[in-house]
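Participant: the sequence and its predicted three-dimensional model are supplied below.
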Amino acid sequence: MTASSATADGAAPVAPDLIDRLAGLSDASPLLALRARRAEIRSRTQAAHDALLAPRRPGLFPAAERAAVAQRIAALAGNDALAAHYRGLAAGAEARPALVAHAERVTRSPRESRPEHLGVLEAAGLDAHGIVALSQRSHW
């Protein structure tokens, strides 16, 4: 795949996003051309990824730890390519065990989440913003 792909109607090239790269879409792919026609959706999807993984103000939940949690969830889902992407972003960082346990719980069986689990996350050093970010990361 090259650095950019033209839209199906010949409009300006569109830089490949994470989904394009993970799906291995080539410039000749009809799916890439179709995705290029939905530029706003592509942009918002990439922006959501970026906001959750590398926020301007990560607070008590650093970007590398966010990526480590995301890597674990991608691995649970059996998505090796996505897990490798997050592993690269984590750059060797490890997530606090309480954060991993929460992410696994809300991914595997969200109905088992209880208010007391929030206290465990607070005791592990997260504030409300970090808890929300962790929970969002587990569902994205």
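Facilitator: That came in fine, so what should we check first?

Participant: all strands of the chain, in order?
Facilitator: Taking DSSP state E as the test, the strands found in the chain are 5-6, 13-14.

Participant: ok, and the closest non-adjacent residue to the most centrally placed residue in the chain?
Facilitator: Note on the chain: the residue nearest the mean C-alpha position is His49, at 4.8 Å, using C-alpha atoms, centre = their mean. Leaving aside its sequence neighbours, His49 sits nearest to Leu18 (C-beta to C-beta, 6 or more residues apart in numbering; 6.0 Å). For glycine as for every other residue, the C-beta is placed from the backbone atoms N, C-alpha and C.

Participant: surely the one you found meets Ala48?
Facilitator: No. Contact criterion C-beta atoms under 8 Å: Leu18 and Ala48 do not qualify, at 10.5 Å.

Participant: this protein: helices as residue ranges?
Facilitator: Secondary structure of the chain (DSSP state H): helices at 18-23, 30-36, 39-53, 63-76, 80-90, 97-108, 115-123, 128-139.

Participant: returning to that earlier point: the residue nearest to the centre of the chain and Asp27, how far apart?
Facilitator: Plainly put, His49 is 22 Å away from Asp27 if you go by C-beta to C-beta, to the nearest Å.

Participant: of the strands of the chain, which shows the lowest average pLDDT?
Facilitator: The stretch with the lowest mean pLDDT among these is strand 5-6, at a mean of 46.

Participant: where does the chain dip in pLDDT?
Facilitator: Applying pLDDT under 70 to the chain flags the ranges 1-14, 137-140.

Participant: swap in 80 and give it another go.
Facilitator: For the chain, residues meeting the criterion pLDDT under 80 lie at 1-15, 137-140.

Participant: OK, contacts around the residue nearest to Pro62 when sequence neighbours are not counted?
Facilitator: Spatial nearest neighbour of Pro62, chain neighbours left out: Ala93 (7.4 Å); criterion: C-beta to C-beta, 6+ apart. By C-beta atoms under 8 Å, 6 or more residues apart in numbering, the residues touching Ala93 are Pro62, Ala64, Glu65, Ala67, Ala68.

Participant: of those residues, just the buried ones, PyMOL syntax please.
Facilitator: Selecting only the buried members of these in PyMOL, with burial defined as 16 or more other C-beta atoms under 10 Å, works like this:
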select buried, resi 64+65+67+68
